[in-house]
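[1] Just the structure for this:
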Amino acid sequence: MFATLARPPLPTDLVAAIQALKQELNAVILAHYYQDPVIQDVADYIGDSLGLSRQAAQTTADVIVFAGVHFMAETAKILNPTKLVLLPDLAAGCSLADSCPPDAFAAFKARHPNHWVISYINCTAEIKALSDIICTSSNAVKIVQQLPADQPLIFAPDRNLGRYVMAQTGRQMVLWEGSCIVHETFSERRILELKAQHPTAQVIAHPECEEGVLRHADFIGSTTALLTYTDTHDQDTFIVVTEPGILHQMQRRHPHKTFIPAPPRDQTCNCNECPFMRLNTLEKLYLCMRDRQPQIDLPKDIRRAALQPIQRMLDLS
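    As a prediction, this is how the structure comes out:
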């Protein structure tokens, strides 16, 4: 029989070990707002997709550790092809990205010749490579407003964000019928029940939510915009209709305010938490830095084709 090599034991202080590895590797830890609070607390930068893309484009670190999901780490690799990009758990995918298979989308695109493709950043590198420009929930409206009025557009993969952008811009677009399992889990009825229980609360919601939920929102915006809204408004109670990871930053900034996570339709589950984001743990973050695995890599042709629409987004933002 072959002897199995014993793995080194985990350090008793994972946070200190991560900080030490960060110095050793000249690494930067980028984390999305939807990560577990303990991961947010060790990150060098916490943000939404636009902010994370900007940080990935600007970093001077040799190693990018992405505490997020797969498409985010792919974007970092596209912007930094010579850097080592690590993702704590390769299974940390995205239901929205999964809802848009590249072969099916290529056929969809072929049925709409002469259309420019605007793809939400929550998509795979292959979809980005089929796109003309990328957007995020922070800049989608701004980008569409800058495009020629007579240019036909496809918006993928999130139909809810696409509808929101059309409503804000008055621009018709052909929508791919994708969606996010987290943002589609919120119930209009449950939101109304919460409003009745907290009549002075403001409802703030992410545009990936369905129309029935958004119609009751006092403010609609990206995760960063939602956070900023709570900074700039004196209201003391907010019903927050997005993944509840963002509440950690809201509560840190405003410990005397009340932030109520919008519940999912099914009270027996934690369906308002992204199951993919929550695959990352502090232990996995440490191990990926210690072992330099899992690494994100992409075929050169896909990476180069995907870079152009991302760069257009950054230029227009």
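[2] Verify the stated contact: residue 179 with residue 96.
    Yes - Residue 179 is within contact range of residue 96, at 6.6 Å (criterion: Cβ atoms under 8 Å). C-beta coordinates here come from the backbone N, C-alpha and C atoms, glycine included.
[3] Who has more neighbours out of these two?
    More neighbours surround residue 96 than the other of residue 179 and residue 96, with 27 against 19 (other Cβ atoms under 10 Å).
[4] Could you pull up the residues touching that one?
    120, 122, 123, 157, 158, 178, 179, 180, 208 (Cβ atoms under 8 Å, 6 or more residues apart in numbering).
[5] redo that, cut-off 10 Å
    69, 71, 120-123, 156-158, 160-161, 178-184, 208, 276 (Cβ atoms under 10 Å, 6 or more residues apart in numbering).
[6] go on, residue 147?
    116, 118, 132, 133, 153, 169, 171, 316.
[7] Give me the number of neighbouring residues for residue 200.
    Residue 200 has 8 neighbouring residues, counting by other Cβ under 10 Å.
[8] Beta-bridge partners for the closest residue to it other than its chain neighbours, please?
    Using Cβ to Cβ, 6 or more residues apart in numbering and skipping residues adjacent in sequence, the residue nearest residue 200 is residue 237, 6.0 Å away. Residue 237 has these beta-bridge partners by DSSP bridges: residue 258.
[9] wait, isn't residue 161 in contact with residue 184?
    No - applying Cβ atoms under 10 Å as the test, residue 161 and residue 184 come out as separate, 11.8 Å apart.
[10] Among these two, which residue is more densely surrounded?
    The neighbour count for residue 161 versus residue 184, taken as other Cβ under 10 Å, is higher for residue 161 (29 against 18).
[11] Now do the buried residues in the top helix by length along the chain.
    Taking DSSP state H as the criterion, the chain has its longest helix at helix 300-316. Neighbour-count burial for helix 300-316 flags 302, 303, 305, 306, 307, 308, 309, 310, 312, 313 (criterion: 16 or more other Cβ atoms under 10 Å).
[12] again with stretch 218-227
    By neighbour count on 16+ other Cβ under 10 Å, the buried set for stretch 218-227 is 220, 221, 222, 223, 224, 225, 226, 227.
[13] go on, stretch 161-176?
    161, 162, 163, 164, 165, 166, 169, 171, 173, 174, 175, 176.
[14] That one spans what distance, first to last residue?
    End-to-end distance of stretch 161-176 (Cα to Cα, to the nearest Å): 11 Å.
[15] The stretch 1-150 of the chain: helices as residue ranges?
    Counting by DSSP state H, counting those that start in this stretch, the stretch 1-150 of the chain has helices at residues 14-25, 37-40, 49-58, 70-79, 95-98, 102-110, 125-129, 140-145.
[16] swap that for the stretch 151-300 of the chain, sorry
    Secondary structure of the stretch 151-300 of the chain by DSSP H, counting those that start in this stretch: the helices cover 159-169, 188-197, 211-214, 223-232, 246-253, 282-291, 300-316.
[17] ok, residue 157 - contacts?
    Neighbours of residue 157 in contact, by Cβ under 10 Å, 6+ apart: 94, 96-101, 105, 119-120, 122-124, 127, 175-180.
[18] if we can go back for a sec, who touches both of residue 161 and residue 184?
    96, 208, 209.
[19] okay if I get the residues you listed as TSV plus distance to residue 287 and pLDDT?
    Output for the shared contacts of residue 161 and residue 184, formatted as TSV (distance: Cβ to Cβ, whole Å; pLDDT from 0 to 100):
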residue	distance to residue 287	pLDDT
96	27	93
208	31	93
209	35	94
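[20] With distance to residue 256 as added columns, please give those in TSV.
    Listed next are these as TSV, based on distance: Cβ to Cβ, whole Å:
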residue	distance to residue 256
96	35
208	29
209	27
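[21] Tell me the one of the residues you listed nearest residue 189?
    Taking Cβ to Cβ as the measure, residue 209 is the one of these closest to residue 189, at 13.8 Å.
[22] How many neighbouring residues does that closest one have?
    28.
[23] Am I right that residue 35 is in contact with residue 277?
    Yes - contact criterion Cβ under 10 Å: residue 35 and residue 277 qualify, at 6.0 Å.
[24] So for those two, which residue has more residues nearby?
    For residue 35 versus residue 277, the count of surrounding residues by other Cβ under 10 Å is larger for residue 35: 28 against 23.
[25] ok, now which ones touch the residue most central in space within the chain?
    By Cα atoms, centre = their mean, the chain has its centre lying nearest to residue 49, at 4.9 Å. Residues in contact with residue 49 (Cβ under 10 Å, 6+ apart) are 32-33, 68, 71-72, 75, 120-122, 134-139, 222-224.
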